[in-house]
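Chemist: Quick one, structure for this:
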Amino acid sequence: MTTHPSIEQHPDVAEMRSRFERATTTPRAQAVETLALLTGVYLAASPWIVGFNGFTTLAVCNLITGVAYALCMGGFGSAYERTHSMAWAATAIGAWTIVAPWVVSGNVDTTRSIVSNVIVGCLALLLGLAMAAMHGAGSGRARSRGRRNADVGPRG
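Modeler: Okay, the predicted model is just below:
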């Protein structure tokens, strides 16, 4: 019987982690993460900032989705390779935020709530897509580089 080393020790995994580490330390990635955290905090507090906290259903919805968005997008700096799929969840939260004034129960579709939710929802959606694109571009380069190396053949 043979023992196989852990997948954690595989050279490709180490290279992938190194690449993701480099991607998250770029000024662009840090700017996206910072803007996303601020977007999530604003979304959570928007009913009280804009003044539609009397609409309990929308206020609670924005509070929960704002916290969820900030948590989804806030994990990228420390564990990007394990949380990149959260960018797609954050994108869905952004889309939900846009339609929420018309979907949640009660008559909450006032000008203030609509304008606030549509603007912050579009921003959340775009930031989620930006973070997902950063990851997608990195993994695409790795796949093409892997194919190119496979075509060359073994070295030595």
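
Chemist: and the nearest residue to Ala68 once chain neighbours are set aside, what does it touch?
Modeler: Excluding the flanking residues, the one nearest Ala68 by Cβ to Cβ, 6 or more residues apart in numbering is Ile93, at 6.0 Å. (Each C-beta comes from the backbone N, C-alpha and C, glycine too.) Taking Cβ atoms under 8 Å, 6 or more residues apart in numbering as the criterion, Ile93 is in contact with 65, 68-69, 72, 124, 128.

Chemist: next one: Ala130
Modeler: Val32.

Chemist: So which helix or strand of the chain has the lowest pLDDT on average?
Modeler: The element with the least model confidence among the helices and strands of the chain, by mean pLDDT, DSSP states H and E, is helix 76-83, at a mean of 56.

Chemist: for the chain, which spans come out with low pLDDT?
Modeler: Judged by pLDDT under 70, the chain has its weakly predicted residues at 1-25, 75-84, 135-156.

Chemist: 90 - rerun?
Modeler: Within the chain, the stretches falling below the threshold (pLDDT under 90) are 1-33, 53, 71-89, 105-110, 131-156.

Chemist: any chance you could map the helices in it?
Modeler: For the chain, the helices identified by DSSP state H occupy 11-24, 27-46, 56-74, 76-83, 86-103, 111-152, in order along the chain.

Chemist: angle of the fifth one against helix 27-46?
Modeler: If I follow you right, that is helix 86-103. 30 degrees (axes from the mean of the first three to the mean of the last three Cα atoms, to 10 degrees).

Chemist: What are the buried residues along helix 86-103?
Modeler: Counting neighbours by 16 or more other Cβ atoms under 10 Å, one finds that the buried residues in helix 86-103 are 86-87, 89-94, 96-98, 100-101.

Chemist: Contacts only, for the nearest residue to Leu71 once chain neighbours are set aside.
Modeler: Distance criterion Cβ to Cβ, 6+ apart; nearest residue to Leu71, sequence neighbours excluded, is Gly40 at 7.6 Å. Applying Cβ under 8 Å, 6+ apart to Gly40 gives the contacts 66-74, 124.
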